[in-house]
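# When you get a sec, could you give me coordinates for this:
(2 chains)
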Amino acid sequence: MLQPSNSAPDRWHRSGEVLPFYLYAALSFLVGTGMLCWYSGDFLGHYFNPSLLAITHIMALGWGTMIILGASHQLVPVIIEAALYSRILAFSSFWLAAIGIPMLVYGFYRFDMGLPAKLGGTLILLAVLCFVINLACSINRSKTENIQAVFIFTAALWLLSTVAVGLVLVVNFSVTLLPANSVDYLSLHAHMGLVGWFLLLTIGVGSRLIPMFLISKFQHNPLLYWIYALINIGLIGFVLLFVYNGHVYLNYFPLLLILMAILLFVGFCYQSWRNRLRKSVDDPMKISLLSLILVAIPALLLVVVLILLIGLDSVPARLINLYGFLLFFGWLSSLILGMTFKTLTFIVWNKVYHSLLGKIKPPNPKDLYKNKVLQVMGYCFISGLLLFGLGIGFALPVLLRTGALLLLLTACLYNWNILYIMNHKATI
Amino acid sequence: MELITNNKLLSTIALAALQQVEDPEIGLNVVDLGLIYQLDFNEDTNQLFCSMTLTTQFCPMGASIRDSCEAGLQHAFPSYSIEVQLSFDPPWSADRISSAGRAFLDR
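Numbering: from 1, shown residues only, chains lettered A, B, ... in the order given. Model (predicted):
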């Protein structure tokens, strides 16, 4: 018996609450890479440095978080088969974060944890709160239950915790709230965000999008539940060890659990790839899949960091800088650089052509961007990443500058293509 | 690729019209993809009912593909009232792809 359903697909029409997130993220990437060029030499020093803190927060909040928040507002209703609870909350989330992020980054850049940094941090916290409430109410409306929604909601809760801890750390610079200096809590704050928010969310969304765009029928929900459990147990374990001053040896256990989760997800993607129906894979998917390789390098670096911590009781600051650089500019950026051209094109295509269907023959979504520009962007990205990474590793300023310039060029080409897509008009 | 229909002659015309509608992401038409489940004609009341599916329930182009099918059928049967309904039960399976569709995807 054929059962009718007209629920999910209509939800790709609305784009007003999503496009500003994409535009803001693209501009943040440009600013982040611009600062990388200007302050490339600082990557040879200690990571607790105004310019590095500013770059990290532009990349983590302005680039990574903003685009994920935007894409989530579009994807979540489709995944949970229910309308977004509130467009007002979505817009509030955008504006609060859009104002708060530059204030916080300015605070770090000036190394002044006064009013702008505190107010910026508070606005970001409110923005995330709006997002979490919107997500919870939307999921509550849904009649279906799926693993992707569980991933996304848990990731949102980790983001809320990360931002709350971040705000406490900012305030702790001027008013004593914590027993130790804020710097001592940086690894807790960073890993709650990296693993709890970015890793959990990208795996949750990726487990839906990767098979969908590869046109693969591979699905394995029990495997996804295992990945979910491993990441969360690992991260909670790390937090508990941190809070209760567990021995550094014990940190291998959370790391091992999270590495296992990453390996299982790589296996999931490999199976999706093997079971794909369409043999040719387009360039945006290739760039996104590159992130699976790029996440392995910092993960291995973390093992080295732990070995050094046990053996030498200290870690060279450059190694930490390389770890952070590879996570934000490598893994996260490759995922976003690719997926933007798989999601934004659909959003704009639906906005421009939906009302014209049957009247004209629309182009394919892939025709909304310039593939040549995307390919050059991909080459600039890979070579820039490699040179800058080697520059940190071998302490060579010339490699740092060349790598940073190539990454800035990547951001310019990305922004050009984003504006090209957003300005697309139907030709009748 | 199995199609349920109560009028083989008219369904041939309908399928020819639907072959002009592509899944924009894949670039293959909805007939060769095996997305069309059922075509029912009521010649007394001039009504055409089409039941179709999508390769995935989360397809971002779902509404557009459905509306394009509706527009294509309306063009082929101007005097008919057209109803296109999405169904995910049974879900789409790769076995529904035609041999021409497989050749296209293998390229």
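
# do the one helix or strand A:Leu405 maps to and chain B meet at all?
Using DSSP states H and E, A:Leu405 sits within helix A:397-422. No: Helix A:397-422 is not in contact with chain B by C-beta under 8 Å from any C-beta of the partner chain; minimum separation 14.4 Å. For every residue, glycine as well, the C-beta is placed using N, CA and C.

# Give me the helices and strands touching that helix, please.
Secondary-structure packing of helix A:397-422 (3 or more C-beta pairs under 8 Å, 6 or more residues apart in numbering or on different chains; DSSP states H and E): helix A:19-38, helix A:333-353, helix A:371-394.

# any idea which of those is most buried?
Greatest average neighbour count among the helices and strands packed on helix A:397-422 goes to helix A:333-353 (a mean of 24), per mean count of other C-beta atoms under 10 Å in any protein chain shown.

# and it, how far out from the chain's middle?
Distance of helix A:333-353 from the chain centroid (C-alpha atoms, centre = their mean, to the nearest Å) equals 15 Å.

# Ok, which of the helices and strands packed on helix A:397-422 comes nearest chain B?
With C-beta to the nearest C-beta, the closest approach to chain B among the helices and strands packed on helix A:397-422 belongs to helix A:333-353: 4.1 Å.

# Let me know the angle separating the closest one from helix A:397-422.
Relative orientation of helix A:333-353 versus helix A:397-422 (axes from the mean of the first three to the mean of the last three C-alpha atoms, to 10 degrees): 20 degrees.

# so where do the helices sit in chain B?
Taking DSSP state H, the helices of chain B run over residues B:8-18, B:62-76, B:99-105.

# Which of these sits closest to chain A?
In terms of C-beta to the nearest C-beta, the element of those nearest to chain A is helix B:62-76, at 2.4 Å.

# do you know how far A:Ile139 is from A:Leu199?
To A:Leu199, A:Ile139 is 21 Å away according to C-beta to C-beta, to the nearest Å.

# Mind jotting down where the strands sit in the stretch 151-300 of chain A?
Here the stretch 151-300 of chain A has no strands by DSSP state E, counting those that start in this stretch.

# tell me which parts of it are close to chain B?
So the stretch 151-300 of chain A meets chain B at A:208, A:212-213, A:215, A:217, A:277-280 (C-beta under 8 Å from any C-beta).

# Format the residues you listed as TSV; extra columns: distance to A:Ile147, neighbour count and pLDDT.
Shown next, in TSV, are those (distance: C-beta to C-beta, whole Å; neighbours: other C-beta atoms under 10 Å in any protein chain shown; pLDDT from 0 to 100):
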residue	distance to A:Ile147	neighbour count	pLDDT
A:Arg208	9	22	86
A:Met212	14	18	84
A:Phe213	18	23	84
A:Ile215	20	22	83
A:Lys217	17	16	78
A:Leu277	22	18	84
A:Arg278	24	19	83
A:Lys279	28	9	84
A:Ser280	29	9	84
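
# show me the contacts for the closest residue to chain B within the stretch 251-400 of chain A.
Per C-beta to the nearest C-beta, A:Gly358 is where the stretch 251-400 of chain A lies closest to chain B, at 2.4 Å. Counting by C-beta atoms under 8 Å, 6 or more residues apart in numbering or on different chains, A:Gly358 touches B:67-68, B:70-72, B:74-75.

# can you check A:Ser280 too?
Per C-beta under 8 Å, 6+ apart, neighbours of A:Ser280: B:Arg107.

# ok so, going back, more crowded one of A:Ile139 and A:Leu199?
The neighbour count for A:Ile139 versus A:Leu199, taken as other C-beta atoms under 10 Å in any protein chain shown, is higher for A:Leu199 (26 against 20).

# distance of the residue nearest the centre of chain B from chain A?
Centroid-nearest residue in chain B, with C-alpha atoms, centre = their mean: B:Ile36, separated by 3.5 Å. For B:Ile36, the distance to chain A equals 11 Å [C-beta to the nearest C-beta, to the nearest Å].

# okay, and for chain A, where does confidence drop off?
For chain A, applying pLDDT under 70 flags the ranges A:1-15, A:313, A:428.

# how about the residues of chain B that lie near chain A?
Contact residues (C-beta under 8 Å from any C-beta) of chain B with chain A: B:22, B:24-27, B:37-38, B:51, B:54-68, B:70-72, B:74-75, B:85-90, B:93-94, B:97, B:105-107.

# Filter these down to the buried ones, PyMOL style.
Only the buried entries of the residues of chain B next to chain A go into this PyMOL selection, using 16 or more other C-beta atoms under 10 Å in any protein chain shown:
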select buried, chain B and resi 22+24+25+26+37+38+51+54+55+56+57+58+59+60+61+62+63+64+65+66+67+68+70+71+72+74+85+86+87+88+94+97+105
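
# Next, work out how far apart A:Arg110 and A:Phe43 are.
Relative to A:Phe43, and taking C-beta to C-beta, A:Arg110 is found at 20 Å.

# ok, now which ones touch A:Leu256?
A:Leu256 touches A:Gly234, counting by C-beta under 8 Å, 6+ apart.

# now with 10 Å?
A:230, A:234, A:237, A:303 (C-beta atoms under 10 Å, 6 or more residues apart in numbering or on different chains).

# which residues does residue 31 contact?
Looking at chain A here, since you left the chain open. Here A:Val31 is in contact with A:54-55, A:58-59, A:62-63, A:102, A:105, A:411 (C-beta under 10 Å, 6+ apart).

# was after chain B, sorry
B:1, B:3, B:14-21, B:52, B:69, B:98, B:100-101.

# one step back: got the helices of chain B as JSON lines, with mean pLDDT columns?
Below are the helices of chain B laid out as JSON lines (pLDDT from 0 to 100):
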{"stretch": "helix B:8-18", "mean pLDDT": "95"}
{"stretch": "helix B:62-76", "mean pLDDT": "91"}
{"stretch": "helix B:99-105", "mean pLDDT": "90"}
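
# Can you add distance to A:Leu419 and give these back as JSON lines?
What follows is the helices of chain B, written out as JSON lines (distance: least, C-beta to C-beta, whole Å):
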{"stretch": "helix B:8-18", "distance to A:Leu419": "36"}
{"stretch": "helix B:62-76", "distance to A:Leu419": "23"}
{"stretch": "helix B:99-105", "distance to A:Leu419": "33"}
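
# re the thing from before, can you tell me which of the contacts of A:Leu256 is nearest chain B?
A:Leu230 (24.9 Å).

# thought the closest one was touching A:Met260?
Yes: assessed by C-beta atoms under 10 Å, A:Leu230 is found in contact with A:Met260 at 5.4 Å.

# the more surrounded of the two?
A direct count of neighbours by other C-beta under 10 Å for A:Leu230 and A:Met260 places A:Leu230 higher, at 21 against 15.

# Which residue, other than its chain neighbours, is closest to the more buried one?
Leaving aside its sequence neighbours, A:Leu230 sits nearest to A:Ala261 (C-beta to C-beta, 6 or more residues apart in numbering or on different chains; 3.9 Å).
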